[in-house]
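Engineer: Below: sequence and its predicted model.
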Amino acid sequence: MTSPPTRRRTRLAGLAVAGAVAVGSGVLAVVVGAGTASAATIGAGSYTETLPAGAKLPTGCGTISTNPRQNVTANAPAGAVPTNDWWSSLLFKKGDDCNFSQALYAHPVAYRPIASGLGLSYEQTPAISGSPTGLGEYHYPYAQKVVAGVAGLNAPKALVDNWTDWTVTPSWSDGTRTLKATIGHGLPLSYYQVTGGDALLSVTGPPTAWSNSGNRLGFSIAGQDYVAWAPAGATWTASGNTFRSTLAGKGYFTVGVLPTTTADSTAAKIALADSWNQFAHNHVTGTRVSYSYNQNTGTVNTTYGFTTTAREGSGSGTVIGLYPHQWRYLTGSTPSPRTYVSPRGRMKIVTGTQFQTSMKYTGVLPEIPAVADNSGADLTTITNYLNAELNNPADFRGDDTYWTGKGLGRAARIAEIADQLNLTSVRDSALRVIKTRITDWFTASAGKTSRLFYYDKNWGTLIGYPASYASDEDLNDHHFHYGYYIAAAATLAKFDPAWATTSQYGGMVDLLIRDANNYDRSDTRFPYLRDFDIYAGHDWASGHGAFGAGNNQESSSEGQNFSNALIQWGQATGNTTVRDAGIWLHTTQAAAINEYWFDVTGENFPSQWGHNYAAIVWGSGGAYATWFSGEHALIVGINMLPMTGGQLYLGDYPQSVRDTYAELVRNNGGEPQQWRDMHWQYLALGDGDAALSKFRASGGNYTSEEGESKAHTFHWIRNLAALGTVDKTVTANHPLAKVFVKNGVKTYVASNITNSALTVTYSDGRTLAVAAGKTATSGGFTWSGGNANGGGVVNPSPTPSNPGCTTGPLLSQGKTATASSSENADYPAGNAVDGNTATRWSSAFADPQWLQVDLGATQNLSRAELVWEDAYATAYTVQTSTNGTTWATAATVTNGDGGTDTVTLSGNARYVRINGTARATPYGYSLFEFRVFGTCGTTTSSPTVTPTVTPGVTTWAVNTSYSPGTIVTYNGTRYQCRQAHTSIAGWEPPNVLSLWLPL
C-alpha cells in the first residue's frame, strides 16, 4: 500500500512519459518571514490574512509569488487572476518557459506562443506509448505547422491581454511591433490584431497553396488545411515558406483550420472556405456561459454564448466546434456533416452566436438507503462494523488539507449510515469529530500556524495549511481537498443547522466553495469557477498547467465529490444558488467523465490505444497511469473514490462498469488486491450480486482504502445488490432523489433532510411521500429511516391542506416599493405594484439594480410574477427577508427571456426583492408589474409590526468588522452589508457586491 505522503501528484509512476509530457521544474524558493496570524472573521469563524510562518505561496517565474499579474497587460480584467485553466501556463509561468508558455490545447487547434508570434497545430494522428494491457498513453501532441505573427517581431515575452469564459488573448510587443491573438475552446478560427509591420505566416516546411485570390489564402502543410483572411482590399504574397500581407493598413486578420482531410479535393476545400467567408472578420471578443436547473422537469439547460465584433461589414456569429458531451445533448441546432479530430473524440460544427444543451439531472443521495441491511443477519453485520468505528470514525491519516478531508469524508459516511439505522451513539460520535475538526480549521486564532486557512488577496485564493500535493505552491487540487470539507459540513448541517448558519460557520464553508469554484461572477475576491473548465465540461487539477501535454485531471471522481458537496450543502442550508451551481457542475461533469475518462460509447479514445478507461485526462490526450502508483488497482480506482451518493453517475452505463472491471482484472492478471473495497463498490453499480459475492468471500479480511470503512463498503454493496442498477431514464422534482431497477422492478428513493414533510413526483408519474428528516423508498422496497432535523429547502411543498385553493392572494399590490434607482420621476418603484400594466418602473442604465416590496407583515409566500417591459433581465435573483436587512435567495434565473416570469417561493417573509444582474438591452430594468402571492389560507390583513430601524451610517473602512444590515457610504454611495466579514483593502463595496448591496 502506498503511504499517504506520496499518494498524489508527485510523479507519473512506472511509465516512460512521451517527450511532449514534461513536468515543470525549476521552482523558485520563497523566503517567508515569521509572524502571527491576523484573523479576519466571518460569522463565528475566521481565516488569516498573514502568511503563517514557514508556509509557501504559489511559486513560479520571477516575482509571481507576490505579483501574479506580472504576466498580464493593463487591459486585462480586474479581480483575481484565473488559474487551473487550459491556458494557465501563459499567465502562471513556471518551469522551463518563463517567457511564453507550454502548448495550449484549445481543441480542435493547439497553440504555442513564441517570440515571433503564435504557433498553430492540428494533429489528426495520435502518438501512442505503452501497451493495451499495461501502462500507456495517447496524445495528439503539439507539432508546430504555422506561426502567425508580424514581420520582424521578436518579443521577449507573451503576456495575457484578456480572458473570457473559454477564450484568452495573448499579447506580444518588441517595442516596435505588437500582436494580439484571440484563441479559445471550440474555435477553429483564431483572430489577430497587429501594428508596426506586415502580417506574416511562417510555415514549417514547403506549403501547398490551393487558393490565393484577393484577400483570402488557402494552403496545406503535412495534411493540415489552413485558410487566412486579410481585410478587404489586401492580398497575400508567397515567398518560400512564408506568406505576407500589408493588410491594406487595417491591422487585423484571421486564420482558420479546416476540418478536411487529404482525401478532400481542392474544390471541396474552396467550397468550405467560401461558406466561412461570412464569419472570417467577426472576431470573437467574448464568451459566456449561462445555465438553469428546472426542478420540476429535472432538466439542466446550458447556453454557450459567443460575442462577435465585425471588423468589417455588419455580420455576426462564428464557426463553433462542439465536444461530444455537448453535441450529444445539443438542442435547437443541427451540426454540419464535417467533424474535427480531437483528443476528446469527434468535434461537430455549428455556426452562430450561441448553442444550447439540455441534460437530465437524475439526482444524488446523501447515502444509499438501508433497504437490505436493516434487519436479520445483515443488520448484525453492519451494526458490528459501525460499532467498531465508535471511537475513531474519521481515522485521520494526516493533518494536511487532503488527508484531513479524507478523514472527514469517512466520518460523514459513517454518520449517514448510522443515522439510517438509528445507531445514534455512532452517528453522534462521527458528527462530533466532524464538528470539532472543521471548527478547528475554521478558526484562525492569534499565533496559530496550522489547521487554518489563509486568504491571499494578490492571487485571490484561500489556501489551507498544512497544504498538500502542491495545493499551495501550484494551487493544485483545491476542489479535491475542499470538497471533503464541504460535504462533511453538509452532513453536519442536517443535524446541527445552527452551526451551518452564516452567523456561525456557514460563511467559512462558502469561502471554500468560492475559492475552488466561485459561483458568483460579481465576487471579485476569487476567479469565477477556478477549477472548472466551462467549455471542456470538467475540472483541471493543476493551477499552472505548465506541462508539454497541457493541463491534466486525474481523480475526476473527487471533482464530482466537490460538485455533490455543493448540492448537499445548498439543500441543507436553503441556498438554492449554491445547490443549483452544484447541480449544473455535477450534471455537466458526469457527462464529460463518462465520455473522456470511461469512453462509455467507445467512440472517443483512439481505437489502436487498446484501453477503454483513462486515469488521467491531459490537454493533448489521456493516460492509463497515475501520478502516484503504477499498480493497476490504483490506476483504475483513482476515478472512483470517494464512493458516495454523489457518485451514482458512475453507474449510468452498467455495461461500461462491467467492462472496466473486466479490463482491470485482465491487466492485473487477476482480482485486485489493493483498494478492493473501492472496486467492489464500483462493480456494484453494474452488478451488485457479483460485488456482494466478492465481499462475502473476503470475510472482511482486506485492507480498506484510506478514506473508506468496512461499514460503508458493506452497506453500499449490500443495498445496491438489492436495489439493482441506476435507472437514468427517470427524473424527479426533488434534487435528492434516485431510481434503481432490478429485474424490471423499480425502487424509488428520496431523501428529505428538512423538518417538513414533502411529496416527490417522478417523471414516470410515480409519487413518494417522505416524512420530515427521513429517507424513504417505494416500489421494489418500502422503507423509511433517518432522523435529520435541519432546515434547508422544502421544495416541492407538501400538498396544501385546502385543496380547493389554487392561487393564493395577491399580497404586494398597493404596498410600499423601493428601488436602487429610477430612470426618472416618471418611472418610480411604486409603478411596479400599482396593479396598472400601463405604468412601469424603470431603473438606471447599469448593472446591478434592485426593486423590493414591503408586504407590511410577515406572510407565507407561494410565488412571484414579474411582468417585463421590453427592457428585461436575462439574469436575476429573487430574495426574501423578514426584517429588510438579512436576505435569503429564493430563486435564481440565468436565462431570462422577458414576457411574464413566474417564480416559486416558499416560507415566510415580509420583504421580497428582485436583484437584476444582467440586462437584455442597453437600457435599464423595466417592470410593468411585480406581484407577490401568498399561500392558500393567507390573508392580506396587516398586523401591527415593529418598524425596522436603519443601522447607523458610517464611512466604509479597512480592518473593520461588519455585520449583516450595516449601512455604510463609499464615494458618496450607500451600501448595505449582505454577510458578516472583516474588511480588507481590495474589498471596497463596489468591488465585492457579494458582500455589499448598493442602495
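Structural biologist: It's in. Residues are numbered from 1 along each chain as shown.
Engineer: show me where the stretch 701-850 of the chain has strands.
Structural biologist: For the stretch 701-850 of the chain, applying DSSP state E, counting those that start in this stretch gives strands covering 725-726, 737-742, 745-751, 758-761, 767-770, 775-779, 783-785, 816-819, 841-842, 849-868.
Engineer: Can you tell me how far the nearest residue in space to Thr725 that is not next to it in sequence is from Ala394?
Structural biologist: Distances taken as CB to CB, 6 or more residues apart in numbering place Pro654 nearest to Thr725, at 4.6 Å, with adjacent residues excluded. C-beta: built from backbone N, CA, C; applies to glycine. Separation of Pro654 from Ala394 (CB to CB, to the nearest Å) stands at 33 Å.
Engineer: Name the residue in those two with the higher neighbour count.
Structural biologist: Taking neighbours as other CB atoms under 10 Å, Pro654 and Ala394 compare with Ala394 leading, 24 against 17.
Engineer: right, and Thr383 touches Ser425 too?
Structural biologist: No. Under the criterion of CB atoms under 8 Å, Thr383 is not in contact with Ser425, lying 11.2 Å apart.
Engineer: Indicate which one of the strands of the stretch 701-850 of the chain is closest to Lys93.
Structural biologist: Across these, Lys93 has its closest neighbour in strand 849-868 (40.0 Å, CB to CB).
Engineer: List the strands paired with the closest one, with their directions.
Structural biologist: strand 816-819 (antiparallel), strand 900-904 (antiparallel), strand 908-919 (antiparallel), strand 926-934 (antiparallel) (DSSP bridges).
Engineer: can you redo the ones you listed as a markdown table with distance to Ser89, mean pLDDT and mean neighbour count?
Structural biologist: Listed next are the strands paired with strand 849-868 as a markdown table, based on distance: least, CB to CB, whole Å; pLDDT from 0 to 100; neighbours: other CB atoms under 10 Å:
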| stretch | distance to Ser89 | mean pLDDT | mean neighbour count |
| --- | --- | --- | --- |
| strand 816-819 | 46 | 94 | 20 |
| strand 900-904 | 43 | 82 | 15 |
| strand 908-919 | 31 | 93 | 22 |
| strand 926-934 | 45 | 91 | 23 |
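Engineer: related to what we said a few turns ago, going by mean pLDDT, which of the strands of the stretch 701-850 of the chain comes out lowest?
Structural biologist: Here the lowest mean pLDDT among the strands of the stretch 701-850 of the chain goes to strand 849-868, at a mean of 90.
Engineer: Could you tell me which residues within that one count as buried?
Structural biologist: Across strand 849-868, burial judged by 16 or more other CB atoms under 10 Å covers 849-856, 858-864, 866-868.
Engineer: How about stretch 173-180?
Structural biologist: Of the residues in stretch 173-180, Ser173, Asp174, Arg177, Thr178, Leu179, Lys180 count as buried by neighbour count, 16+ other CB under 10 Å.
Engineer: check contacts around the fourth one.
Structural biologist: The one in question is Thr178. Counting by CB atoms under 8 Å, 6 or more residues apart in numbering, Thr178 touches Val150, Ser171, Trp172, Val194, Thr195, Gly196.
Engineer: Quote the end-to-end distance of stretch 499-513.
Structural biologist: 17 Å (CA to CA, to the nearest Å).
Engineer: Centre of the chain to that stretch, how far?
Structural biologist: On the basis of CA atoms, centre = their mean, to the nearest Å, stretch 499-513 sits 19 Å off its chain's mean C-alpha point.
Engineer: Ok, stretch 667-679 next?
Structural biologist: 31 Å.
Engineer: and that stretch, average pLDDT?
Structural biologist: The average pLDDT for stretch 667-679 rounds to 97.
Engineer: can you pull the buried residues of that stretch?
Structural biologist: Quick answer for stretch 667-679 (16+ other CB under 10 Å): Asn667, Asn668, Pro672, Gln674, Trp675, Arg676, Asp677, Met678, His679.
Engineer: The residues you listed in helices, which ones?
Structural biologist: Asn667, Asn668, Arg676, Asp677, Met678, His679 (DSSP state H).
Engineer: of all the residues you listed, which comes closest to Arg344?
Structural biologist: The shortest approach to Arg344 among these belongs to Asn667, at 23.4 Å (CB to CB).
Engineer: which residues in the stretch 501-650 of the chain form strands?
Structural biologist: 532-533, 538-539, 552-553, 616-618, 621-624.
Engineer: quick revisit: nearest to Gln647, of the buried residues of stretch 173-180?
Structural biologist: For those, the nearest to Gln647 is Lys180 (43.2 Å; CB to CB).
Engineer: Tell me which residues touch Thr308, please.
Structural biologist: Asn282, His283, Val284, Thr285, Gly315, Ser316, Gly317, Thr318, Thr353 are the contacts of Thr308 under CB under 8 Å, 6+ apart.
Engineer: Kindly indicate the member of these with the most neighbours.
Structural biologist: Val284 leads these on contacts (other CB under 10 Å) with 28 neighbours.
Engineer: For Ala772, see how far away that one is.
Structural biologist: Taking CB to CB, one finds Val284 at 51 Å from Ala772.
Engineer: If you tally nearby residues, what's the number for Glu49?
Structural biologist: 18.
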